[in-house]
Structures are given as structure tokens and as C-alpha cells.
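1. Got a sequence here, can you build the structure:
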Amino acid sequence: MDLSKFSNQGFERGAQRWKEAVWMMVKRVFFQTSVPWPSALRAALLRWFGAKVGAGVVIRANVNISFPWRLVVGDYVWLGEEVMILSLAPVTIGSHVCVSQRSFLCTGSHDHRKETFDLIVGGITLGNGSWVAAQSFIGPGVEVGSGSVVSAGSVVMNSVPARTLVRGNPAVVIKTLARNFDSPLDGPAKASERETEA
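-> The predicted model follows:
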């Protein structure tokens with residue numbers, strides 16, 4: 001690749017430059033800090049910048065969200081310390097989802113086969129009741145199905161079916177989780193109650 005030939009002029013940032021600049025300042029003060037600002041305040045700021053954020057959302061310290069106007073978050077979602085959301089494409093997080101510490105939701109990559117190292121983007125969806133455990137990587141275009149669990153430190157580059165436990169780098173299916181998500185209150189904590197081997 002020849003990085004002198006790289007150009008992302010075709011990439012739409014989704015907002016005017018002034019809005020992005022203001023967001024960077026707000027993010028520095030209220031998000032990328034150890035100051036324990038209330039989650040309700042952080043959620044309100046995300047909404048002000050165009051994100052759709054549900055009720056009861058918990059946003060811990062040092063969360064880094066690139067473009068909030070491309071973010072949809074359901075009800076009772078937890079974003080742990082130092083979670084990174086690179087929202088070059090839409091990121092949709094369902095309700096009752098836990099994204100644990102230092103996990104990275106990455107919607108962007110590059111085509112290493114081309115000399116111009118072209119930017120590639122793809123949206124990410126986390127289904128209702130799913131859990132992305134600490135220090136996991138979720139790649140562009142990935143959908144994690146409802147009720148699924150991504151084990152700590154996993155690298156997920158392919159979509160995960162509903163009610164499935166995946167682990168590793170690259171992540172592989174470990175087992176199917178026999179879980180009932182008819183009730184929205186059935187969350188990640190119930191993963192060990194009723195499981196069957198895949």
C-alpha cells in the first residue's frame with residue numbers, strides 16, 4: 001500500500017465540521033474523563049448531538065464515541081469504562097445490553113489489497129439482552145444476536161446467531177444458550193441457568 005495515495009473524500013461524516021468540533025470538546029469534558037458525571041447527563045448530551053438513547057442507560061467513565069449522530073441505544077444499556085464506539089457507520093445497541101470495559105465496537109477498516117488502502121465501513125448491531133464482555137472487539141458489519149454472549153477478549157469478525165456463546169480470536173461458537181428472552185428483563189446474568197452444548 002502507498003499511504004500517500006489514501007483519500008477518504010467519499011466518506012460522509014454525517015454532520016457539519018462545527019458540530020463535530022463541538023462534540024469533541026463536550027466528549028473531552030463529560031465522557032473521556034474519570035469525573036463521575038451522572039449517566040443521565042451523558043445520555044442527554046448524546047441525544048443533543050443526535051443519538052437515540054433509551055431510558056435507564058448507564059455510561060461509565062472514559063467512554064469514547066466518535067459520531068453520536070450514528071448511535072442508537074435501547075433501554076437499560078450499560079457501557080463500561082473505556083468502551084470505544086467508532087461509529088463511522090450506524091451502531092445499534094438493543095435494550096438490556098451490557099458492553100463491558102474496554103470493548104471496541106469498530107465500524108471501520110481498510111482494504112489492504114488496494115494500494116490506496118481504501119476505507120471500508122459497516123454498521124454494528126447488538127441484539128436485545130446480549131453481552132459483550134471486557135476487552136472484546138466487534139468488527140464492521142457484525143450483528144450479535146439477541147441473548148448472545150461474547151466472552152472476554154474475543155475478536156468477532158462474523159455475525160453471531162441469537163442465544164450463542166462465542167469465544168476466542170477469531171471468535172468461534174462454544175455453545176448454544178437455552179435462554180428465554182420473551183421477557184425483556186432476562187439479561188446476561190441468566191446465561192448460566194439453562195445451557196445446552198452447540
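2. Any buried residues in the lengthiest strand in the chain, and which?
-> Once the chain is assigned using DSSP state E, the strand that runs over the most residues is strand 171-177. By 16 or more other CB atoms under 10 Å, the buried positions in strand 171-177 come out as A171, I174, T176, L177. For every residue, glycine as well, the C-beta is placed using N, CA and C.
3. what stretches of the chain score poorly on pLDDT?
-> Under the criterion pLDDT under 70, the flagged ranges of the chain are 179-198.
4. which residues of it fall in helices?
-> Using DSSP state H, the helices found in the chain span residues 17-30, 39-48.
5. what angle do the shortest one and helix 17-30 make?
-> So that's helix 39-48. 170 degrees (axes from the mean of the first three to the mean of the last three CA atoms, to 10 degrees).
6. Can you give me the buried ones in helix 39-48?
-> Along helix 39-48, these residues count as buried under the neighbour rule (16+ other CB under 10 Å): S39, R42, A43, L45, L46.
7. Among these, pick out the one closest to H110, please.
-> The closest of these to H110 turns out to be L46 (CB to CB; 27.6 Å).
8. Would you mind confirming that that closest one is in contact with I65?
-> Yes. L46 lies in contact with I65 (CB atoms under 8 Å); the separation is 7.2 Å.
9. give the contact list for Q135.
-> S100, Q101, R102, S103, A152, G153 (CB atoms under 8 Å, 6 or more residues apart in numbering).
10. could you measure it against V83, distance?
-> For Q135, the distance to V83 (CB to CB, to the nearest Å) stands at 10 Å.
11. Which neighbours do the two have in common?
-> Residues touching both Q135 and V83 (CB under 8 Å, 6+ apart): S100, Q101, R102, S103.
12. Tell me the one of these nearest P90?
-> Once CB to CB is applied, the member of these that ends up nearest P90 is S103, at 17.7 Å.
13. circling back to that earlier point, Throw the helices of the chain into CSV and include distance to L3, thanks.
-> Converted to CSV, the helices of the chain look like this (distance: least, CB to CB, whole Å):
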stretch, distance to L3
helix 17-30, 23
helix 39-48, 33
